[in-house]
Structure formats: structure tokens, C-alpha cells
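fold the following, please.
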Amino acid sequence: MTFGQAIKSGFIHYVTFSGRAARSEYWYWTLFVLLVTIGAGIVDRSIFDFDEPTTTGVFGPLASLIFFLPGLAVSVRRLHDLDRSGWWLLLIFTLIGIILLIIWDCIKGTTGPNRFGPDPLASG
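Numbering: from 1, shown residues only. Model prediction:
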């Protein structure tokens, strides 16, 4: 999956928690969100006066709001690719769980179909 296809898939399936997402889809989506969030932070810094302690930007929180559900959905689909339930994502609330989730996100998914659907990398 290419960078553009991953972004398109992320927005098309923004609340689809069923199915599977390949590593490339997950990591390209993560890279896209990171780049947009950095860009939003730069725009916020250039427009708003952050010398005041109560000043917050607009674009950073807006980007977070826009990417929350699609990011959650692609994370659940990534766990499905590993033949794990999306409930494993709750491990993110622990430090060890974050490390474990990152390791799982780097592992190749189940080859062939599993209980969550067909292999996203299968040709055809």
C-alpha cells in the first residue's frame, strides 16, 4: 500500500472497526497524522501569541479531533491483522502496554485469512 492509498483508506474507513489493516497502511497513516499535527502546531505558533499562559491554538486541537476516530479505527484493524481483538488497544493506558502495542504494530500480520477477514496483502 502506498502513502496516498493509506491516507485514502484511513478517511474512507474512518469508523470501520472491522477488517484488517496491513503494516504499511498503519504506519503511513501514522506518518501522515504526525506530519499534519506538526504542520498544525507550526501554523498555531505563527498565528497565535503563546506568551499568554491561557493561549491555545486552533489548528492543533482541530487536527486531533479530526484524526481521533480514523486513528482509532486503523489501530483496531491493525490488531485484527495480527488476529487480536481490538480491545487489546486498551493496553495504551499502561507504559508496558504502549511498548507491547508498538512491537505488535511492527510485526507482520497473519498470512492468509483469519477470523477478522481476508489478508489485506493478498493479491487478487
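
what about the helices in the chain?
With DSSP state H, the ranges of helices along the chain come out as 3-12, 23-47, 59-81, 95-106.

contacts for the third one?
The reference is to helix 59-81. Outside helix 59-81, the residues that touch it by Cβ atoms under 8 Å, 6 or more residues apart in numbering are 10-11, 13-23, 25-26, 29-30, 33, 36-37, 40-41, 43-44, 85-86, 88-89, 104-105, 109-110, 114, 116-117, 120. In short, each C-beta sits where N, CA and C put it, glycine included.

what's the spacing between the spatially most central residue of the chain and residue 122?
In the chain, the centroid-proximal residue (Cα atoms, centre = their mean) is residue 71; its distance is 3.5 Å. Distance, residue 71 to residue 122, by Cβ to Cβ, to the nearest Å: 25 Å.

got it, and residue 39?
35 Å.

quick one: which of those two has more around it?
residue 39 (13 against 9; other Cβ atoms under 10 Å).

can you report how many residues neighbour residue 92?
Residue 92, neighbours per other Cβ under 10 Å, totals 12.

look at the residue lying closest to residue 60 once chain neighbours are set aside and report its pLDDT.
Nearest residue to residue 60, sequence neighbours excluded (Cβ to Cβ, 6 or more residues apart in numbering): residue 40, at 4.7 Å. pLDDT, residue 40: 92.

touching, residue 40 and residue 48? I think so.
No: the pair residue 40 / residue 48 is not scored as a contact, 11.7 Å apart, by Cβ atoms under 8 Å.

got phi/psi on the nearest residue to residue 122 once chain neighbours are set aside?
Nearest residue to residue 122, sequence neighbours excluded (Cβ to Cβ, 6+ apart): residue 112, at 7.4 Å. Here is the backbone geometry of residue 112 (degrees, to the nearest 10): phi 80, psi -180.

how many other residues sit next to residue 112?
Residue 112: 9 surrounding residues under other Cβ under 10 Å.
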